[in-house]
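J.: sequence first, then the predicted structure, then my questions.
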Amino acid sequence: MKDQFEEYIALLETLKEELDRLAALARKKNEAVCGDDLMALDGVMRQEQAIALQFRGLEQKRGQLLAALGLTAVPLSDLPAHFPSERREAAQRAVDGVKDSYRVYQANSAVARNALESNLREVEHVLDMLGGGPEGISGPGYAPPEAEPPQTMKTDFRA
């Protein structure tokens, strides 16, 4: 049976794998944006949402393990120093792996975000040049205004 220190190291390794998946998705998102492939972009964003749910579960487990180890106030970079000497090296590798994967994810995510923002500015510019969107339609979904029901479908409740 794994002890809690081993479980925490395994959790960090899982976290690193998920960050690597997110970094790969960020690259795919950038490719979809640059290729104007909205279907691929939608698929990538759905996968990101699924990973975000997994991260919530990992965060809960991480909190429980840290509480059980009495290390809730210890920053990630200082954790290996609090591990038993025989697990310290593995903990340091796991922490370094998470940090490296996070840096890669941040870089890939920034590129994808910049590409998305650039394309959105371009769309806004084109809409402005064309005279803007349809009158009276704004906000999320751009739903058309509700039509007034015919007079025969209205009820007069005055007595």
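T.: The structure has been received and is ready for your questions. Residues are numbered from 1 along each chain as shown.
J.: what about Asn108, how many residues close to it?
T.: Applying other CB atoms under 10 Å, we find 19 other residues in the vicinity of Asn108. Bear in mind the C-beta positions are built from the backbone N, C-alpha and C, glycine included.
J.: could you pull up the residues touching it?
T.: With contact taken as CB atoms under 8 Å, 6 or more residues apart in numbering, Asn108 is in contact with 23, 26-27, 30.
J.: the same query, at a cut-off of 7 Å, please.
T.: 23, 26-27 (CB atoms under 7 Å, 6 or more residues apart in numbering).
J.: how close does it sit to Leu22?
T.: According to CB to CB, to the nearest Å, Asn108 and Leu22 sit 8 Å apart.
J.: max-length helix in the protein?
T.: Of all the segments assigned as helix in the chain under DSSP state H, the longest by residue count is helix 85-129.
J.: avg pLDDT for that helix?
T.: Mean pLDDT, helix 85-129: 91.
J.: only the buried residues of stretch 53-72, if you could.
T.: Of the residues in stretch 53-72, those buried under the neighbour-count criterion (16 or more other CB atoms under 10 Å) are 58, 62, 65-66, 69, 71.
J.: residues in contact with that stretch?
T.: Applying CB under 7 Å, 6+ apart, the contact partners of stretch 53-72 are 4, 7-8, 11, 14-15, 18, 79, 82.
J.: this structure: helices as residue ranges?
T.: In order along the chain, the chain carries the following helices (DSSP H): 4-34, 38-69, 85-129.
J.: what's the angle from the second one to helix 4-34?
T.: Helix 38-69 and helix 4-34 are oriented at 160 degrees to each other (axes from the mean of the first three to the mean of the last three CA atoms, to 10 degrees).
J.: what angle separates helix 38-69 from helix 85-129?
T.: Going by the same axes, to 10 degrees, helix 38-69 makes 150 degrees with helix 85-129.
J.: run the chain-centre distance for helix 38-69.
T.: Relative to the centre of its chain, helix 38-69 is centred 8 Å away, using CA atoms, centre = their mean, to the nearest Å.
J.: that's all I had, so thanks and see you.
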